[in-house]
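Chemist: Have a look; sequence and predicted model below, questions after that.
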Amino acid sequence: DTGVSQDPRHKITKRGQNVTFRCDPISEHNRLYWYRQTLGQGPEFLTYFQNEAQLEKSRLLSDRFSAERPKGSFSTLEIQRTEQGDSAMYLCASRGVDNEQFFGPGTRLTVL
Amino acid sequence: AQSVTQPDIHITVSEGASLELRCNYSYGATPYLFWYVQSPGQGLQLLLKYFSGDTLVQGIKGFEAEFKRSQSSFNLRKPSVHWRDAAEYYCAAVSGAGSYQLTFGKGTKLSVIP
């Protein structure tokens, strides 16, 4: 059973650098979500894809953030000119035909 | 605005004791409701979900939750806690329309005394 995978699991970067995270959803799931979780908080929605179309974006997703899902399979989340406030756990989830979202292990970003 | 509230930030129970974690939601219509568990360094694992029907739902690892429309609550329970249950627990909701994005509470950290 291959669940949702995310790469890398940890990323340490310096302020101002660009970073990119990858998410591989469950293969038959056409819906994919990105969430951000900061310390002591629950996950917060960032963006949603159905197949390759990005259908919804949160106000949390500033113009320094961009997400893609080019062939409707894996997705990438890029953060440009990282800031210390971007330090968080970035979670990816996928959903099939029902209403259950399956989460990956997350990518923990630390911006120095 | 739609919101999920978990009133208890941290709960400590003794192993073998019963557990109840509280969750309240504020939505215009009854949302779909979920409980997730997160162990340190891990992603979120779904414990149980409520869409409609029977208000008492059974989940994995011996957990259950009861939906009470009159109280806008969806509390998680377990009759006997094991030390392995120590983790962060999140209640979440999704409105039955649009992207089905989850709205999470801030979580309740469960500590278990052996």
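Modeler: Okay, I see it.

Chemist: alpha carbons only for contacts and neighbour counts from here, please
Modeler: OK.

Chemist: check contacts around A:Leu77.
Modeler: Shown in contact with A:Leu77 (Cα atoms under 8 Å, 6 or more residues apart in numbering or on different chains): A:Thr20, A:Phe21, A:Arg22, A:Phe65, A:Ser66, A:Ala67, A:Glu68.

Chemist: For it, which non-adjacent residue is spatially closest?
Modeler: In this structure, A:Leu77 finds its nearest non-sequential neighbour in A:Ala67, 4.4 Å apart by Cα to Cα, 6 or more residues apart in numbering or on different chains.

Chemist: and the one you found, backbone torsions?
Modeler: Phi and psi for A:Ala67, reported as degrees, to the nearest 10, are phi -130, psi 150.

Chemist: Then B:Ser72?
Modeler: Dihedral angles (degrees, to the nearest 10) for B:Ser72: phi 50, psi 50.

Chemist: A:Gln54 too?
Modeler: phi -90, psi 110.

Chemist: Which of the three states applies to the residue nearest to the spatial centre of chain A?
Modeler: For chain A, the residue sitting closest to the mean C-alpha position, by Cα atoms, centre = their mean, is A:Trp34 at 3.7 Å. Under DSSP: H, G, I helix; E, B strand; the rest coil, the three-state class of A:Trp34 is strand.

Chemist: For the closest residue to it other than its chain neighbours, which residues are in contact?
Modeler: Spatial nearest neighbour of A:Trp34, chain neighbours left out: A:Cys92 (4.6 Å); criterion: Cα to Cα, 6+ apart. For A:Cys92, the contact set (Cα under 8 Å, 6+ apart) comprises A:Val4, A:Gln6, A:Cys23, A:Pro25, A:Leu32, A:Tyr33, A:Trp34, A:Tyr35, A:Phe103, A:Gly104, A:Gly106.

Chemist: Model confidence at A:Cys92, what's the number?
Modeler: Looking at A:Cys92, its pLDDT is 97.

Chemist: what about it, which helix or strand?
Modeler: Secondary structure assignment for A:Cys92, by DSSP states H and E: strand A:88-95.

Chemist: Within its local environment, how many residues does the closest residue to A:Tyr33 other than its chain neighbours see?
Modeler: Nearest in space to A:Tyr33, with sequence neighbours left out and distances taken as Cα to Cα, 6+ apart, is A:Tyr48 at 4.6 Å. Neighbours of A:Tyr48 under the rule other Cα atoms under 10 Å in any protein chain shown: 26.

Chemist: So which other helices or strands are in contact with the one helix or strand A:Tyr48 maps to?
Modeler: Taking DSSP H and E as the definition, one finds A:Tyr48 inside strand A:44-50. Packing partners of strand A:44-50 (3 or more Cα pairs under 8 Å, 6 or more residues apart in numbering or on different chains; DSSP states H and E): strand A:31-37, strand A:53-57, strand B:103-104.

Chemist: Show the subsequent helix or strand relative to the shortest one.
Modeler: In other words, strand B:103-104. Next in sequence after strand B:103-104, counting helices and strands by DSSP H and E, comes strand B:108-113.
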